[in-house]
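Engineer: 3D, please:
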Amino acid sequence: MLFTLGGTIAMAGHDGGVVARLSGRDLVAGAGNLDEGADVEVRDLRAVPSADLSFVDILDAIDAAGAAVTAGACGIVLTQGTDTLEESAFLIDAVWTHDAPFIVTGAMRNPTLPGADGPANVLAAVQVAAAPEARGRGALVVFNDEIHAARHVRKSHSASTATFASPDLGPIGHVIEGVPRFLAGVPRPRPITGFSRTDLSATRIALYTTTFDDDGALLDGIADTHNGIVVAGFGVGHVPSALAPVLGKLVAKMPVVLTSRTGAGPVLASTYGAIGSERDLRERGLIGGGFLHPYKARVLLRLLVAAGARRDEIAATFTEFG
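Structural biologist: Just a heads-up that it's a prediction; the model follows:
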């Protein structure tokens, strides 16, 4: 089953630039020999840039995909814009309860350009979704004939067709001559449950990126407007020393998760001991995000807070995911 949400892969020419115009049927028709050996049903959900997608949109897609699997679909493909694809794929992976694979893909070069990559990505995504070897692996991102685990993949370049990469792991497989070949696996954490859409809509999680000579002024009053915060610290989890007590005070009011702004590698726990180091921040009550990048940590924290998870449960879940 193929679901569409718009994005570059579905865009066509317009006087003011390309806009989302192509349907799922158009995408299937343009994907070469896709119809050979594959029975692909299509459902268009939305047609918007991925910057306009929300938790609700992705949860609607998950619900529709779950119904399709219950009705007999062996796998799911979702096409969308690439700007927020790493976050939506992570959200899907965090809550998807079925063994059927859920594949997310898109395109970097719109169909009006020479060498548009959308048709090849759709074809490869369907091939992975139909493969028995993909079952039980949760959400996967298929792009440029590479297969990535949703938990590790990130958009690494603003324009390249090879933008999706997993710096901490690499692709877990490749599509070779139309056949998915898996070279590694990623153990799946238990899906996150217990949240409602009402609670999600009322849950606000901030993302604060630490910067050079940061005075922390942007954190003033954040506990009055948000229910949790993810801190993207320097390196292995450091902040300026002046921020350490500010973050420590926030811990008493909300969960504070420590991640790295570097884009690869984990935050540490006990190597450095200066004020503002990862050890100091952990002792003040910040929760280590492990290998989770800040954007994904924010998605996970929002799900957990909406589900009413206690601090110890949040910490344990971040250990499991990160």
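Engineer: in the longest helix seen in the chain, what counts as buried?
Structural biologist: Among the elements of the chain assigned as helix by DSSP state H, the one spanning the most residues is helix 55-70. Neighbour-count burial for helix 55-70 flags 55, 57-62, 64-66, 68-69 (criterion: 16 or more other Cβ atoms under 10 Å). (Glycine included, C-beta is placed from N, CA and C.)
Engineer: Which helix or strand lies directly C-terminal to it?
Structural biologist: Following helix 55-70 in sequence order, the next helix or strand is strand 76-79 (DSSP states H and E).
Engineer: which secondary structure elements does that following strand contact?
Structural biologist: Strand 76-79 sits against strand 2-4, helix 55-70, strand 102-105, helix 118-129, with contacts defined as 3 or more Cβ pairs under 8 Å, 6 or more residues apart in numbering; DSSP states H and E.
Engineer: Could you export these as JSON lines, including distance to residue 243 and mean pLDDT?
Structural biologist: JSON lines is the format used below for these (distance: least, Cβ to Cβ, whole Å; pLDDT from 0 to 100):
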{"stretch": "strand 2-4", "distance to residue 243": "42", "mean pLDDT": "97"}
{"stretch": "helix 55-70", "distance to residue 243": "29", "mean pLDDT": "98"}
{"stretch": "strand 102-105", "distance to residue 243": "35", "mean pLDDT": "98"}
{"stretch": "helix 118-129", "distance to residue 243": "41", "mean pLDDT": "97"}
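Engineer: Of all the ones you listed, which one is nearest residue 167?
Structural biologist: For residue 167, the closest of the helices and strands packed on strand 76-79 is strand 102-105, at 18.4 Å, according to Cβ to Cβ.
Engineer: In its sheet, which strands sit next to the closest one, and in what direction?
Structural biologist: Its sheet considered, strand 102-105 pairs with strand 76-79 (parallel), strand 139-143 (parallel) by DSSP bridges.
Engineer: quick check, residue 181 in a strand?
Structural biologist: Yes - Residue 181: assigned to a strand according to DSSP: H, G, I helix; E, B strand; the rest coil.
Engineer: With residue 171 as the reference, measure out to it.
Structural biologist: In this structure, residue 181 lies at 10 Å from residue 171, with Cβ to Cβ, to the nearest Å as the measure.
Engineer: Which of those two has more residues huddled nearby?
Structural biologist: More neighbours surround residue 171 than the other of residue 181 and residue 171, with 23 against 12 (other Cβ atoms under 10 Å).
Engineer: Regarding the more buried one, what is its secondary structure?
Structural biologist: Following three-state DSSP, residue 171 is assigned to coil.
Engineer: Let me see the backbone angles for the residue nearest to it when sequence neighbours are not counted.
Structural biologist: Of all residues beyond its chain neighbours, the one nearest residue 171 is residue 146 (4.0 Å), with distances taken as Cβ to Cβ, 6 or more residues apart in numbering. Torsion angles at residue 146 (phi, psi; degrees, to the nearest 10) stand at phi -110, psi 150.
Engineer: Just grab the bridge partners of residue 146 for me.
Structural biologist: Beta-bridge partners recorded for residue 146 (DSSP bridges): residue 143, residue 174.
Engineer: List the residues that contact it.
Structural biologist: Counting by Cβ atoms under 8 Å, 6 or more residues apart in numbering, residue 146 touches 164, 171, 173-175.
Engineer: Kindly report the same for residue 245.
Structural biologist: For residue 245, the residues meeting the contact criterion (Cβ under 8 Å, 6+ apart) are residue 284.
Engineer: Which strand or helix spans the residue positioned nearest the centre of the chain?
Structural biologist: For the chain, residue 87 is the residue whose C-alpha lies nearest the centre (Cα atoms, centre = their mean; 2.5 Å). Assessed by DSSP H and E, residue 87 sits inside helix 85-95.
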